[in-house]
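J.: here's my sequence, what's the structure:
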Amino acid sequence: MTLTGTRASVGNDRGSVTVEAAIAMSALIVVCAAIAAGVGTLAAHVAAIDLAGAVARGHAVGRVVEPGPGRQVSITENSGMVTATVTVPAPFGAATARAFYPVEYPRGTR
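T.: As a prediction, the model looks like this:
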């Protein structure tokens with residue numbers, strides 16, 4: 001058995017490591033960006049839960065709570081229960097949360 005040809009005749013591998021490293025780095029950047037967006041979405045959901053509770057409590061005791069820019073708030077009151085629905089923008093869509101709180105009537109009105 002004899003080997004014919006040399007390394008140069010088989011193919012030229014020069015630069016292949018550079019290409020592989022570039023592809024690996026871009027994939028790593030995409031994964032890191034997806035993780036950061038996921039954490040941002042989770043933070044937006046927690047903010048929506050917190051804001052929904054604050055808005056429901058505030059409305060139940062007669063206070064107005066300013067939700068801030070970009071947030072949508074919907075308040076309904078039915079049978080002595082306040083329902084606040086809050087939507088907060090997030091990297092992956094919008095985070096929506098709902099909170100319920102009983103209405104607190106002033107002393108002597110009920």
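
J.: strands of the chain, start to end?
T.: Under the criterion DSSP state E, the chain carries strands at the ranges 72-78, 81-90, 93-102.

J.: in space, not sequence, find me the middle residue of this protein.
T.: The C-alpha lying nearest the average C-alpha coordinate of the chain belongs to residue 41 (C-alpha atoms, centre = their mean; 0.8 Å).

J.: hang on, isn't it packed against residue 93?
T.: Yes. Between residue 41 and residue 93 a contact is recorded at 7.5 Å, counting by C-beta atoms under 8 Å. Glycine gets a C-beta too; all of them are placed from N, C-alpha and C.

J.: output the below-cut-off pLDDT ranges for the chain.
T.: Counting by pLDDT under 70, the chain contains low-confidence residues at 1-15, 106-110.

J.: how about the helices in it?
T.: 7-10, 16-61 (DSSP state H).

J.: just to revisit the earlier point, from the strands of the chain, which stretch is densest packed?
T.: Across those, averaging neighbours per residue (mean count of other C-beta atoms under 10 Å) puts strand 81-90 on top, at a mean of 20.

J.: helices or strands up against that strand?
T.: If you count contacts as 3 or more C-beta pairs under 8 Å, 6 or more residues apart in numbering; DSSP states H and E, strand 81-90 packs onto helix 16-61, strand 72-78, strand 93-102.

J.: most packed of these?
T.: Mean neighbour count, computed with mean count of other C-beta under 10 Å, is highest for strand 93-102 among these, reaching a mean of 16.

J.: by contact count, what packs against that one?
T.: Judged by 3+ C-beta pairs under 8 Å, 6+ apart, the packing partners of strand 93-102 are helix 16-61, strand 81-90.
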